[in-house]
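Engineer: for reference, the sequence and a predicted model appear below.
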Amino acid sequence: MTALSESPAVYAAPVPDARRVRTLQTLGIMCGLTAGAWLGAAEAPTKLVTAGLSPVLISLVMVIGVFIARWTLPTLIHGTAYVAADLRQAPHLIVWAILAGCMWAVANTLTVYAVRDVGLSIAFPLWNSNSLLGILWGVLFFDELRGAGARRLAGVLGGALLMFVGAVILTLASAAHSAGANATRGVAAALAAGALWGTMYIPYRKAYLTGMNPLSFITFFTVGELGMMLVLALTSTGSAGALWGELSGARHLLFWIMAGGVVWVIGDLFQQYAVKYAGITRGIPLSNSNQLWGLLWGVFVFGELRGAGGGVLAKVVAGSLTMASGTALIALSSANEREHERWRAAAKREGDRYGIDAGYTTARGAGEEAPAFAARRTPLDWVIVIAATAILVGFAAIAQRPSIAIHGGWAVALVVATLGVLAACGVGLWRITRFR
Amino acid sequence: MDEGSVTAPRRATLASLILRDVQFWVPVVVLVLGLLALRWVA
């Protein structure tokens, strides 16, 4: 019995009307903000147990959590048959998905060294400069901001710069709290991570202009992540036996790091949809509002900056407001019809180059589905979801309760807010695009 | 013409398209530089 109905017929999907374009743009912006909330929250679980663990081990376990989590809820949205059919439409994108995953893994490992050497408060804004580089690639390769008009151009570029300035102010506020025996290496690591992440958005945008579903893209993205992290971990420890020994020795703590990966993959999914529907130039800076959420977790839940003087708190407020202003500017600068035409032209170039069905590209760009593209969920999908969930539950069962002090009330409030944002945006994404 | 002889040239064409795509080489170069940076800081 086949679970997939697919015909080679070309489907000529209509170009979306202006109202649909605006709806998708707004959806992309909401996805970017939701991504910010979840990517910010992803750092919280890892803070609980990082003491004494090597940066590479932390990064590896987080990636394992990401890989496993990808096969839980996302598989229930679109199953393996759907992903297989999607990949058959544009098989060349597997290369870019794996490449992006490899880049993410190296960047994530660099950030752990950066945090070790200069502290989170300095490293975070430095690696968040990735949005500025992402904007450059979006303009150069994918015609983003072309035909946008002066107001939108000022909004996006001005907003991104404001976010960067806000990040620097937050850095100055926290400088006294940074660890930092090796500041030069730490700064270099953070900047290198920013360059890797900023360039990683090229594969994202390429895939979504072509028409690939983000859920399909992250399937091979997580393969690239896991593969690269295994290579780095084996190189670092020297042998599979040594790596196994380190993992076994830390097994009571692994769940918390994997939990960070689970939270991260949800944030990343929304970031992917933000890039798809709002472009790199809006989607990525908005998802970099993760720094604000990270600040909320750090200050209110983990008590960072406790006992800080008035000057420090003033900088925190100023930096946060500056960053929030930049976010708002970008959110209000969505692409107009002229810019969207340029995006469609860029999508056509990609499709023509690689022989992709134009109907597939157009339909997916509008958040629609080509009618021949129908994939049913199979029993295998349920087996995968149950197995992946069981692995996470198993690690949770042997997890040691972390000894770090947290403010429970604020933790609950932030969890509720983060889940609320997920629910609102998730419902919107389902209603408007069925997660296409 | 059998499918094997159609598939092989298509794969070769796809590979050559990818290798001639600057959007492939920019991430590859940045990845290599990132690995070198990681080697230095680690």
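Structural biologist: All right, it came through fine. Numbers count the residues shown, from 1 in each chain, chains lettered A, B, ... in the order given.
Engineer: residue contacts, A:Gln89?
Structural biologist: Going by CB atoms under 8 Å, 6 or more residues apart in numbering or on different chains, A:Gln89 touches A:Gly211, A:Met212, A:Ile356, A:Asp357, A:Tyr360. (C-beta placed from N, C-alpha, C; glycine too.)
Engineer: try it again at 6 Å.
Structural biologist: A:Tyr360 (CB atoms under 6 Å, 6 or more residues apart in numbering or on different chains).
Engineer: any idea how far it lies from A:Leu209?
Structural biologist: Separation of A:Gln89 from A:Leu209 (CB to CB, to the nearest Å): 13 Å.
Engineer: nearest to chain B: which residue in chain A?
Structural biologist: Proximity of chain A to chain B (CB to the nearest CB) peaks at A:Ala192, 3.8 Å away.
Engineer: got a pLDDT number for that residue?
Structural biologist: We have a pLDDT of 95 for A:Ala192.
Engineer: do the same with the one 4 residues further on
Structural biologist: The pLDDT attached to A:Leu196 in the predicted structure is 97.
Engineer: surely it forms part of a helix?
Structural biologist: Yes. Remark: A:Leu196 belongs to a helix, assigned using DSSP: H, G, I helix; E, B strand; the rest coil.
Engineer: how about the nearest residue to it once chain neighbours are set aside, what does it touch?
Structural biologist: Among residues not flanking A:Leu196 along the chain, A:Ala107 sits closest, at 3.7 Å (CB to CB, 6 or more residues apart in numbering or on different chains). The neighbours of A:Ala107, taking CB under 6 Å, 6+ apart as the test, are A:Ala193, A:Leu196, A:Trp197.
Engineer: quick check: next helix or strand after the helix or strand containing A:Ala107?
Structural biologist: Using DSSP states H and E, A:Ala107 sits in helix A:93-118. Next helix or strand after helix A:93-118 toward the C-terminus (DSSP H and E): helix A:120-127.
Engineer: what's the average pLDDT for that next one?
Structural biologist: The pLDDT scores in helix A:120-127 average 76.
Engineer: helices or strands up against the following helix or strand past it?
Structural biologist: With elements assigned by DSSP H and E, the helix or strand that comes after helix A:120-127 is helix A:130-142. Taking 3 or more CB pairs under 6 Å, 6 or more residues apart in numbering or on different chains; DSSP states H and E as contact, the helices and strands that helix A:130-142 lies on are helix A:183-210, helix A:254-287.
Engineer: just those helices: most buried one?
Structural biologist: Of all the helices and strands packed on helix A:130-142, helix A:254-287 has the most neighbours on average by mean count of other CB atoms under 10 Å in any protein chain shown, namely a mean of 27.
Engineer: now distance to A:Val393 too, for the helices and strands packed on helix A:130-142, in a markdown table please.
Structural biologist: Supplementary listing: the helices and strands packed on helix A:130-142 in a markdown table, determined by distance: least, CB to CB, whole Å:
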| stretch | distance to A:Val393 |
| --- | --- |
| helix A:183-210 | 31 |
| helix A:254-287 | 9 |
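Engineer: contacting residues around residue 28?
Structural biologist: In the absence of a named chain, chain A is used. With CB under 6 Å, 6+ apart, A:Gly28 has these contacts: A:Ala274, A:Tyr277, A:Ala278, A:Gly283.
Engineer: let's do chain B instead
Structural biologist: Listed by CB under 6 Å, 6+ apart, B:Val28 has no contact partners.
Engineer: try 10 Å
Structural biologist: Residues near B:Val28 by CB atoms under 10 Å, 6 or more residues apart in numbering or on different chains: A:Leu99, A:Cys102, A:Met103, A:Thr199.
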